[in-house]
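>>> Below are the sequence and a predicted model for it; my questions follow.
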Amino acid sequence: MHEHQLPRQRVDRQRMGLRQQHERIRARPVQPGFAGDRVLYPVVQRKRERAQQIVQPLPFHGCAPSICVRHAYNLNHRFDDVSRTSAFYVPMRSAPWSPCMNDSARKTGCLIMATLCWGVAIPFSKMALPALSPAWLIVLQVAASVAVLACLAAAQRVSLAGLGFAPAQVAIVALIGMLEPCGAYYLGFVGMQSTSALHTAVIFALEPLGILAFNIVLFRFRIDRRLLVAGVVALMGVVVITLGDASADGRASLRGDAFVFAGVMVAALYVSLSTQAVTIPSATAMLLIQQVGSLVLALVLLGVDADGSHGLHRLPPWSAVWPALAIGVLQFTLAFLFYFHGARDNPSYWSVVVLNLIPVVGIAASILILGESASPVYFVGGAITIGAALYTHLRERHAAPGPARA
């Protein structure tokens, strides 16, 4: 028998002994050391104090299961030099501080900032559309975001060679990036030309339902029937808004709502594919690759749009260009970076609640910035849609659905 291959009973005894030894270390009182007229107090770092057990499965020669336990301590006490006569000398333990709580609050703050960026960008994009075509608007916004992300990648010294990914994997990430922002937002901008920003904000609430639908169709996820009922209820809320809101004065049309809905479904497909495809550890690098792919598609759309209109020789005025550049940095750079940093390894239900507040922020911003008005029927439909979407997302996270096994 190999020296690293231990019987299961012996492994269990070793693990129990290590656990007891670890508990004795944690219960050991802290004794200060003296160096002349100075006192040395050990400041124990919790994460380094923990006895790390690395358990790796190894097979026996006879194909029987076995466990190899490697044990290592990394206490590394750091000693602070505190004088007896110093004003900062406090001979008692300070209040316990949990780095996990601080990290969770920071991630929630990032999600709130992403929500504000995406919600406020809806009415600002609506304001930029009269002076720019949807193709020009998406090109300017994505180009500004790519420029900022390239500067961030250069400052962070991020390179594709250092990430160790094959060109085929990078190409897959770029192809998925064509769906969002370019594909989803281009359809949304086309729809926003003939519909209101209020309708756009509420239809955005259907994205979690679209993600759930694509997970069922593409990856055979099993879900609760109550989620399907919630999806139907959310669609009914959108129908109530589209057909029952008579206060939009003709600005909201069924054609515009259909284009916005198509854009939201493309965004849902992007999220569904991104969770199953290749992921890059660096958020800046992944965003840069995806948005470079979006920029290529946006330039193609601009060329197609130019052939059918006035051509590329008529450039938009600078007074319309700089707001589009600013909006692009807001919703394609800042919002995505905040979202990536906030959603990574964040299992909190509060993150789900915050992201579902994007339509609420968009509605409030549309009323305050654009001065759009809404009838009571609109608020009823919006409450139905947003409530059903929130229930769907919370229920999905609680049930933790997974791919169906054959």
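The structure has been received and is ready for your questions.

>>> what residue ranges in the stretch 51-200 of the chain are flagged as low confidence?
By pLDDT under 70, the low-scoring segments of the stretch 51-200 of the chain are 51-101, 161-164.

>>> could you pull out the helices for it?
Counting by DSSP state H, counting those that start in this stretch, the stretch 51-200 of the chain has these helices, from start to end: 99-128, 134-155, 160-163, 167-177, 184-192, 197-203.

>>> Tell me which of the ones you listed sits most buried.
Greatest average neighbour count among these goes to helix 197-203 (a mean of 29), per mean count of other Cβ atoms under 10 Å. Backbone N, C-alpha and C define where each C-beta goes, glycine included.

>>> Check what contacts that helix and list those residues.
119, 122-123, 126, 188, 191-192, 237-238, 241-242, 245, 248, 252, 256-257, 260-261, 264, 358-359, 361-363, 365-367, 370, 372, 374, 378, 381-382, 385-386 (Cβ atoms under 8 Å, 6 or more residues apart in numbering).

>>> pLDDT on the next helix or strand after that helix, on average?
Next along the chain after helix 197-203, taking DSSP states H and E as the criterion, comes helix 207-219. If you average the pLDDT over helix 207-219, you get 84.

>>> What are the buried residues along helix 207-219?
Using 16 or more other Cβ atoms under 10 Å as the test for burial, helix 207-219 gives E207, P208, L209, G210, I211, L212, A213, F214, N215, I216.

>>> And the last one, how close does it get to A267?
This points to I216. 17 Å (Cβ to Cβ, to the nearest Å).

>>> how about the strands in this protein?
33-35, 38-43, 52-59, 65-72, 78-83 (DSSP state E).

>>> And the helices in the stretch 301-406 of the chain?
With helices called from DSSP H, counting those that start in this stretch, the stretch 301-406 of the chain shows them at 318-328, 335-343, 349-355, 358-365, 376-399.

>>> Mean neighbour count and mean pLDDT added to those helices, as JSON lines?
Below are these laid out as JSON lines (neighbours: other Cβ atoms under 10 Å; pLDDT from 0 to 100):
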{"stretch": "helix 318-328", "mean neighbour count": "17", "mean pLDDT": "94"}
{"stretch": "helix 335-343", "mean neighbour count": "20", "mean pLDDT": "86"}
{"stretch": "helix 349-355", "mean neighbour count": "17", "mean pLDDT": "62"}
{"stretch": "helix 358-365", "mean neighbour count": "22", "mean pLDDT": "85"}
{"stretch": "helix 376-399", "mean neighbour count": "19", "mean pLDDT": "73"}
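
>>> For R344, grab the count of nearby residues.
12 (other Cβ atoms under 10 Å).

>>> could you list every residue that touches it?
K107, A283.

>>> Number the chain from 568, please
Sure, I'll start counting at 568 from here, so that last one is R911.

>>> Quick check, V713 in contact with V859.
Yes. Between V713 and V859 there is a contact at 6.0 Å, judged by Cβ atoms under 8 Å.
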